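J.: Kindly generate the corresponding structure for this input.
(chains A and B)
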2 protein chains.
Amino acid sequence: MKPAVKVTITGAAGNIGYALAFRVASGDMFGPDQPVILRLLEIPQALSSLKGVGMELEDCAFPLLHDIVLTDEPSVAFAETNYAILIGAKPRGKGMERKDLITENAKIFSTQGKIINDHASRDVRVLVVGNPANTNALIASANAPDLHRKQFTAMTRLDHNRALGQLAIKTNSRVADIKQVTIWGNHSSTQFPHIDNCLVNGQPVYDLVERDWAIDEFVPRIQRRGAEVIEARGLSSAASAADAIVDHVHDWVLGTPDGDWVSMAIPSDGSYGIDKGLVYSFPVTCKNGEFEIVQGLELDELSVSRLRLSEKELLEERSIIQDLLPNA
Amino acid sequence: MKPAVKVTITGAAGNIGYALAFRVASGDMFGPDQPVILRLLEIPQALSSLKGVGMELEDCAFPLLHDIVLTDEPSVAFAETNYAILIGAKPRGKGMERKDLITENAKIFSTQGKIINDHASRDVRVLVVGNPANTNALIASANAPDLHRKQFTAMTRLDHNRALGQLAIKTNSRVADIKQVTIWGNHSSTQFPHIDNCLVNGQPVYDLVERDWAIDEFVPRIQRRGAEVIEARGLSSAASAADAIVDHVHDWVLGTPDGDWVSMAIPSDGSYGIDKGLVYSFPVTCKNGEFEIVQGLELDELSVSRLRLSEKELLEERSIIQDLLPNA
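T.: Numbers count the residues shown, from 1 in each chain, chains lettered A, B, ... in the order given. Okay, here's the model as predicted:
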């Protein structure tokens, strides 16, 4: 049997962490022949609840789960870890300005970046889920000078999967038959869900839906989906976010299928004119554990303006936390 | 691709249902080549929350999830269904006697038994999780005269998995290396977790642990594990219960491994002297979608007395709801 991989989850007793830990332990993230060790990190106030999560994980008797570490000490959680899933973040409190939210989280993620730099395995792959995810990933990465920037990503896979789900409903097809959908930009309301290249059962999507529908209904629907779920459930997306985490890491490690791509927020290399270094969501293919931006997609004027709009937001976020970027 | 199977989950917006729906849709229950249709049933007050669950399921873009039906109408939820997972039940309210709890739930499950009888697929497999699970399964089955009693089961798999988990910790081994553990009896504090036949890495368990430990510490620990989880988490077991549901149905349909067995609460055929017809947890093997009680296990006097104790509790439960058992 393969040696176990170490997976660190922060905010592990929260709703997303709780939904995620069992999916990882069941083998959904790395496949049925890859044992895992879970390192679950929480703030001290949540340790009792985390203990309960650990007990429930024991109670599942997962054959692939070789060990569970519960801790409130980041240097323990990240020691020699292979995968760091950073979910824990400061939520927006009442009367809190967006700028305050960005600054508060920047402190958390710059610290975690340093600890990952000093303690994680040299091949660590980091996925930031806690918002503002793209900028948090940028800060963590900038504070981890001994690691490559491409080891740090942020999640737009939930938006990507939401786009697939809505297109399947609209075109009365199966999600498995929909290819080449992209989420561009920031994991925020400026994201641009883009389907100009999309194929449904091999057929161009605009044979089946109007472009006006895509721009006027589909795009805002994906951008606002999180709020819609909160309205119905009274709670924010948890199991679907956990599922997107499983998909993001699974595909990063095990590869994307031929003829399709996924969306990942990754450090820009300047592709499509996006400011180099920003953590921005692109269409990517993955192979042998590495992602690569899909090149050469044609973008019309409207699409380019949407890409720029989300880039502008990310540049603003970066300027707010400029002093926490030692290597910028 | 195989035709999709229909899976009905009652109480689907509750904590266990929420944890379960995504595991089923991901393929964990029936394997990676079996599409599913989810039929999620809730009481009218929970329909908004259920709508949110449905949205999150759409947002996962699960390739195997071919349709989702959300309803508060049992005849819609159970129509032609292949698997009925009955989680929704009336919880014990303040000042409620155990007898009241049994009677209140008996009404729910006798009604559901009738609806399953009239609307479900003739090959339906039923798993009752809502407590008192064994007696609820008995009532449902008794009210479904056109179906075979062996189509109705109740869940002791969570107890079984808890036993594996605790034995792995105690013997410092992997759960995959522990075989032949049994939960006998009622899914209640009278259950008897029994390890006299247990092998750890092929070695008799009593080479590694004392029988006194098993009886004085292990048995009460498994019996009280649910309360221990509530104490730590502040919430009852959800993800681990969902995982046990996945395991119960998975093994029932796809079979148990050679040289091992699982625990399922099933209609007694009189084996081990247990009153015929009672829904009682036995060691079972599964093959070709059928379960069979493991015969010929030697039970010492103490074990027999524990089996009788749990049987006595189930006989008492049955006497409380005798008038809802038309075929008894």
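J.: residue of the stretch 1-150 of chain A with the smallest distance to chain B?
T.: A:Gly52 (2.9 Å; C-beta to the nearest C-beta). Backbone N, C-alpha and C define where each C-beta goes, glycine included.
J.: Give me the nearest residue to that residue, chain neighbours excluded.
T.: Nearest residue to A:Gly52, sequence neighbours excluded (C-beta to C-beta, 6 or more residues apart in numbering or on different chains): B:Arg233, at 2.9 Å.
J.: tell me, how many neighbours does A:Thr285 end up with?
T.: 18 (other C-beta atoms under 10 Å in any protein chain shown).
J.: neighbours around A:Asp207, how many?
T.: Residues within reach of A:Asp207, counting by other C-beta under 10 Å, total 9.
J.: Report the separation between it and A:Asn201.
T.: Using C-beta to C-beta, to the nearest Å, one gets 10 Å for the distance from A:Asp207 to A:Asn201.
J.: same deal with A:Ala239?
T.: Distance, A:Ala239 to A:Asn201, by C-beta to C-beta: 28 Å.
J.: Those two: which has the busier surroundings?
T.: Remark: of A:Ala239 and A:Asn201, A:Ala239 carries more neighbours, 27 against 12, as counted by other C-beta under 10 Å.
J.: The more buried one and B:Arg23 touch, don't they?
T.: No. Under the criterion of C-beta atoms under 8 Å, A:Ala239 makes no contact with B:Arg23, lying 9.2 Å away.
J.: Could you pick out the longest helix of chain A?
T.: Of all the segments of type helix in chain A, defined by DSSP state H, the longest one is helix A:98-119.
J.: buried sites along the longest strand anywhere in chain A?
T.: Ranked by residue count, the top strand of chain A under DSSP state E comes out as strand A:279-287. Within strand A:279-287, the residues scored as buried using 16 or more other C-beta atoms under 10 Å in any protein chain shown are A:Val279, A:Tyr280, A:Ser281, A:Phe282, A:Pro283, A:Val284, A:Thr285, A:Cys286.
J.: Over to stretch A:295-311?
T.: For stretch A:295-311, by 16+ other C-beta under 10 Å, it's A:Leu297, A:Leu299, A:Ser303, A:Arg306, A:Leu307, A:Ser310, A:Glu311.
J.: Sort out for me which of these are in helices.
T.: Counting by DSSP H, the part of these found in helices is A:Ser303, A:Arg306, A:Leu307, A:Ser310, A:Glu311.
J.: Out of those, which comes closest to B:Asp33?
T.: Ranked by distance to B:Asp33 (C-beta to C-beta), those are led by A:Ser303 at 37.5 Å.
J.: Show the pLDDT at the closest one.
T.: Listed pLDDT for A:Ser303 reads 97.
J.: Report the contact partners of it.
T.: By C-beta atoms under 8 Å, 6 or more residues apart in numbering or on different chains, the contact set of A:Ser303 is A:Phe192, A:His194, A:Asp196.
J.: now the last one: how far from A:Gly296?
T.: This points to A:Asp196. Distance of A:Asp196 to A:Gly296, given as C-beta to C-beta: 13 Å.
J.: Within the helices and strands, which one has A:Gly31?
T.: Element membership for A:Gly31, per DSSP states H and E: none, as it lies in no helix or strand.
J.: where's the closest residue to it other than its chain neighbours relative to B:Ala140, distance?
T.: Excluding the flanking residues, the one nearest A:Gly31 by C-beta to C-beta, 6+ apart is A:Leu254, at 6.8 Å. A:Leu254 sits 42 Å away from B:Ala140, going by C-beta to C-beta.
J.: cool, and A:Asp251?
T.: A:Asp251 sits 42 Å away from B:Ala140, going by C-beta to C-beta.
J.: what about A:Phe78, how many neighbours?
T.: For A:Phe78, the count of nearby residues is 25 (other C-beta under 10 Å).
J.: mind listing what the nearest residue to it once chain neighbours are set aside touches?
T.: Spatial nearest neighbour of A:Phe78, chain neighbours left out: A:His119 (4.6 Å); criterion: C-beta to C-beta, 6+ apart. Listed by C-beta under 8 Å, 6+ apart, the contact partners of A:His119 are A:Ser75, A:Phe78, A:Ala79, A:Glu80, A:Thr81.
J.: tell me the secondary structure for the third one?
T.: When you say that, I think you mean A:Ala79. The assignment at A:Ala79 comes out as coil when based on DSSP: H, G, I helix; E, B strand; the rest coil.
J.: can you pull the pLDDT of the nearest residue to it once chain neighbours are set aside?
T.: Nearest non-adjacent residue to A:Ala79, counting by C-beta to C-beta, 6+ apart: A:His119, 4.9 Å away. The confidence metric pLDDT takes the value 98 at A:His119.
J.: Contact partners for the residue located most distally from the centre of chain A?
T.: Within chain A, A:Asp207 marks the point farthest from the mean C-alpha position, 31.1 Å out by C-alpha atoms, centre = their mean. Residues near A:Asp207 by C-beta under 8 Å, 6+ apart: none.
J.: Please apply the same query to A:Glu231.
T.: Applying C-beta under 8 Å, 6+ apart to A:Glu231 gives the contacts B:Gly52.
J.: doesn't it fall inside a helix?
T.: Yes. When three-state DSSP is applied, A:Glu231 is found to be in a helix.
J.: Could you report the distance from it to B:Leu47?
T.: Using C-beta to C-beta, A:Glu231 is found at 13 Å from B:Leu47.
J.: Same check on A:Met29?
T.: Distance from A:Met29 to B:Leu47, counting by C-beta to C-beta: 32 Å.
J.: now swap in A:Ala227 and tell me
T.: 19 Å.
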